[in-house]
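1. need coordinates for the below:
(chains A and B)
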There are 2 protein chains.
Amino acid sequence: MSFETAPTKALNVGGTSFAYRELGENQGGVPLVLLHHLTAVLDDWDPRVVDRLAARHHVIAFDNRGVGRTGGTTPNTVEEMAQDAIAFIRALGLSKVDLLGFSLGGFVAQVVALEQPDLVRKIIIAGSGPAGGEGISNMGAVLQDAVGKAGASGKHPKHFLFFTQTGNGQAAANAFLGRLNERKEDRDTPISNETIHAQLTAIHAWGQGDPARLSEIHHPVLVANGDNDVMAPTINSFELARRLPNAQLSIFPDASHGGIFQYHTTFVQQALDFLA
Amino acid sequence: MSFETAPTKALNVGGTSFAYRELGENQGGVPLVLLHHLTAVLDDWDPRVVDRLAARHHVIAFDNRGVGRTGGTTPNTVEEMAQDAIAFIRALGLSKVDLLGFSLGGFVAQVVALEQPDLVRKIIIAGSGPAGGEGISNMGAVLQDAVGKAGASGKHPKHFLFFTQTGNGQAAANAFLGRLNERKEDRDTPISNETIHAQLTAIHAWGQGDPARLSEIHHPVLVANGDNDVMAPTINSFELARRLPNAQLSIFPDASHGGIFQYHTTFVQQALDFLA
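-> Below you'll find the model as predicted:
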């Protein structure tokens, strides 16, 4: 099985149906839970990243509350999103997981680790930043600008948000968007405007927050990003690595928010080594 | 054969005998030339790093002019050290190499790439920084301070210079120093005070230099360091990755100047992926 054909499953979490897909079960070891980005549903995970991680790990991607096919209403704080993620993980019967949080998912990962440190073994944080990080509160404006440019140019917003505007960057954007379209059947429900609004409210508040508690996260962390992230400026990745007591940092050249997807081969190798 | 038992060879380079050791010949591909640090001779390369790189690449370590068993007088500029390195590489009959420059060797690698871009395919720069980089000119004072602390505590200066003062850092220092002592026969000649003085003069001038030409180095570069380098402060690795047009950055936690030796397994895997 591959992520392209993995069925979308449903799990009842305190009365709300949570949508998820999983791959690579029954390999033993600690499962890896993916925490998604602003606007994302299950179909926004790069299948090449998921498949290659699942060759060695049990990988679980899910829609958090109010996202895609998951029921309920998306909360407007990262803290509540983290509580929902914890409830989903516990409802799966898991007591120890690794986390891969991308962008907003990286914020959620930090709060999960702070709230339930024993639930988490290792953490990968990509395209993200600390509470109070430079430019984080501006993510909504950056998104709006990209949506405008995309409409005017007939491109996808991710051409502007996830990749640099160089030849290499735009070729990587096309390849990435092609991979996201590989799955033809059983695609997820697109995100609602109401959910995007709640996520942006949460992100804005996160950008006004206090990073001091990062020093309490003693888990091994791999921080990864492109060198020119326009959504969560790259300096925030440096700042995460600096403040986290046990963080390794990996920065990719000529790459933006989607650096881990542009450099998926290198990134997955680093992730597998880190999780080993 | 391993680096522990690799014979020390001599090559006549324009009338001067250059000492070197090589491993992993006849694998095809581009040879990897190692550029050494301040005070280093051939025995200062981590055998675990060299052996694992040599499992896939032809690896050549050498003493530059005036260092270890190589003849001549060490020049007091990085530019002349780079000219000597180029002459050695050409005298080996090589027309294309990869470079791994550590600390001072990372400065030399930058100048080699600028002076003879066609000679170089890919570059790894570890524990190093750009010309004019923050704190680089202070390296002599940091060395002197560590030598004093080492004398007072019965430790090796590298306990203070290459590793953090945490339990993890000092355990890694002991393990690293143990590896450097694995070779029992045919050890290199220790560095002379005259050579150290010339190297420190070159490093001081490098610290006063201009980083602008980094934008001309279009080779793929992997920049690696510990997150708390006391000799070439880590901010210089960020700065290298920012200024070099095609650089990937890897930063290791709870690690100082010798981060690539502390994390030798992770570093070598990254290096092999990068050089592949």
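
2. mind listing what residue A:49 touches?
-> By CB atoms under 8 Å, 6 or more residues apart in numbering or on different chains, the contact set of residue A:49 is A:260-261, A:264, A:267-268. In short, each C-beta sits where N, CA and C put it, glycine included.

3. so which of those is the most crowded?
-> In terms of neighbours by other CB atoms under 10 Å in any protein chain shown, the contacts of residue A:49 top out with residue A:261 at 28 neighbours.

4. isn't that one up against residue A:44?
-> No: judged on CB atoms under 8 Å, residue A:261 makes no contact with residue A:44 at a distance of 9.9 Å.

5. on that earlier part again, for residue A:27, state which of the contacts of residue A:49 is nearest.
-> Of all these, residue A:27 sits closest to residue A:268, with 15.7 Å by CB to CB.

6. the nearest residue to that closest one once chain neighbours are set aside: neighbour count?
-> Nearest residue to residue A:268, sequence neighbours excluded (CB to CB, 6 or more residues apart in numbering or on different chains): residue A:52, at 4.4 Å. Residues lying near residue A:52 (other CB under 10 Å) number 20.

7. check residue A:73 too.
-> The burial count for residue A:73: 12, using other CB under 10 Å.

8. next, give phi and psi for the closest residue to it other than its chain neighbours.
-> Leaving aside its chain neighbours, residue A:73 sits nearest to residue A:66 (4.8 Å; criterion: CB to CB, 6+ apart). Backbone torsions for residue A:66, taken as degrees, to the nearest 10, come to phi 80, psi 0.

9. tell me who's in contact with the residue nearest the centre of chain A.
-> In chain A, the residue lying closest to the centroid (CA atoms, centre = their mean) is residue A:102, at 2.3 Å. Listed by CB under 8 Å, 6+ apart, the contact partners of residue A:102 are A:34-37, A:40, A:126-128, A:260.

10. tell me the residues of chain A that contact chain B?
-> Within chain A, the positions near chain B by CB under 8 Å from any CB of the partner chain are A:220, A:227, A:238, A:241-242, A:244-254, A:263, A:265-266, A:269-270, A:273-274.

11. so which of those residues sit within strands?
-> Cross-referencing the residues of chain A next to chain B against strands under DSSP state E gives A:247-252.

12. give me the buried subset of these.
-> A:247-252 (16 or more other CB atoms under 10 Å in any protein chain shown).

13. same list, the residues you listed, but as a markdown table with pLDDT please.
-> Shown next, in a markdown table, are these (pLDDT from 0 to 100):
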| residue | pLDDT |
| --- | --- |
| A:247 | 95 |
| A:248 | 95 |
| A:249 | 95 |
| A:250 | 95 |
| A:251 | 95 |
| A:252 | 93 |
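
14. pick out whichever of the residues you listed sits closest to residue A:23.
-> Within these, proximity to residue A:23 (CB to CB) peaks at residue A:250, which comes in at 23.4 Å.

15. was I right about that closest one contacting residue B:248?
-> Yes: when contacts are counted by CB under 8 Å, residue A:250 is listed as touching residue B:248 (7.4 Å).

16. can you give me the buried ones in stretch A:78-95?
-> Buried residues in stretch A:78-95, defined by neighbour count with 16+ other CB under 10 Å: A:78-86, A:88-89, A:92.

17. hang on, I meant stretch A:4-20
-> Neighbour-count burial for stretch A:4-20 [16+ other CB under 10 Å]: A:6, A:8, A:13, A:16, A:18-20.

18. how much space between the most far-flung residue of chain A relative to its centre and chain B?
-> For chain A, the C-alpha farthest from the mean C-alpha position belongs to residue A:152; by CA atoms, centre = their mean, that distance is 27.5 Å. Here residue A:152 is placed at a distance of 29 Å from chain B (CB to the nearest CB, to the nearest Å).

19. so when I look at that residue, I'm seeing a helix, right?
-> Yes: assessed with DSSP: H, G, I helix; E, B strand; the rest coil, residue A:152 lies in a helix.

20. so of the contacts of residue A:102, which ones are in strands?
-> Counting by DSSP E, the contacts of residue A:102 place A:34-35, A:126 in strands.

21. which of the residues you listed ranks first by neighbour count?
-> residue A:126 leads these on contacts (other CB under 10 Å) with 29 neighbours.

22. quick revisit: hmm, which of the residues of chain A next to chain B are the buried ones?
-> For the residues of chain A next to chain B, a burial check counting by 16+ other CB under 10 Å picks out A:220, A:227, A:238, A:241-242, A:244, A:246-254, A:263, A:266, A:269-270, A:274.

23. one step back: can you redo the ones in strands among the contacts of residue A:102 as a markdown table with pLDDT?
-> Shown next, in a markdown table, are the ones in strands among the contacts of residue A:102 (pLDDT from 0 to 100):
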| residue | pLDDT |
| --- | --- |
| A:34 | 98 |
| A:35 | 98 |
| A:126 | 98 |
